[in-house]
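Sequence and predicted structure are below.
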Amino acid sequence: MEIKKNKDTISLLLFVSGMTERSLKAIKIVREICEREMSSFKLTILDIFQEGRTSEQVWPLVPILIGNLPQNLIIKIKEAVQKQGFFLPILRAQFIQEEEWRGKTNASGSKAKNKNS
């Protein structure tokens, strides 16, 4: 499930484990704060059960939010989640396109030059 706003977006990835009460609360809190505080974001919700990632090693980590959020929004999300009585780990990271990390394009989107040619 993806929620997009505007052209230049901050990408967020929210891992959940099924549509449990805790997962639904995390989705609602993150969505509401992002809609209220940001003019541009893309929220991707990934259910580890639907994706076949059901290892017991993963369960304690979800829900978990990954994205390049400003510190003030991280604080707002953590405070809102804490009021609901659970913990939502937030990892601050910037996403890049697959073509960029595979070396096919650079950050500007143009084709990367091969060092060997």
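Happy to help now that I have it. Not measured: the values here are computed from a predicted model.

Could I get the pLDDT score of the nearest residue to Met38 once chain neighbours are set aside?
Of all residues not flanking Met38 in the chain, Ile10 sits nearest, at 6.5 Å (Cβ to Cβ, 6 or more residues apart in numbering). For glycine as for every other residue, the C-beta is placed from the backbone atoms N, C-alpha and C. Confidence at Ile10, expressed as pLDDT, is 85.

could you measure Ile10 against Leu73, distance?
Note on Ile10: its distance to Leu73, by Cβ to Cβ, to the nearest Å, is 9 Å.

Now list whatever residues contact both of these two.
Common contacts of Ile10 and Leu73 (Cβ atoms under 8 Å, 6 or more residues apart in numbering): Met38.

how much space between Gly85 and Ala26?
Separation of Gly85 from Ala26 (Cβ to Cβ): 12 Å.

So for those two, which residue has more residues nearby?
Ranked by neighbour count (other Cβ atoms under 10 Å), Gly85 and Ala26 place Ala26 first, with 25 against 8.

phi, psi of that one?
Main-chain torsions, Ala26, degrees, to the nearest 10: phi -60, psi -50.

again with Ile10
Note on Ile10: its backbone torsions stand at phi -90, psi 120 [degrees, to the nearest 10].

any residues touching stretch 70-77, and which ones?
29-30, 33-34, 37-38, 65, 69, 88, 90, 92.

just these now: which is nearest Gly18?
Of all those, Gly18 sits closest to Leu88, with 15.8 Å by Cβ to Cβ.

Measure how buried the closest residue to that closest one other than its chain neighbours is and give me the count.
Using Cβ to Cβ, 6+ apart and skipping residues adjacent in sequence, the residue nearest Leu88 is Val81, 4.3 Å away. Neighbour count for Val81, taken as other Cβ under 10 Å: 22.
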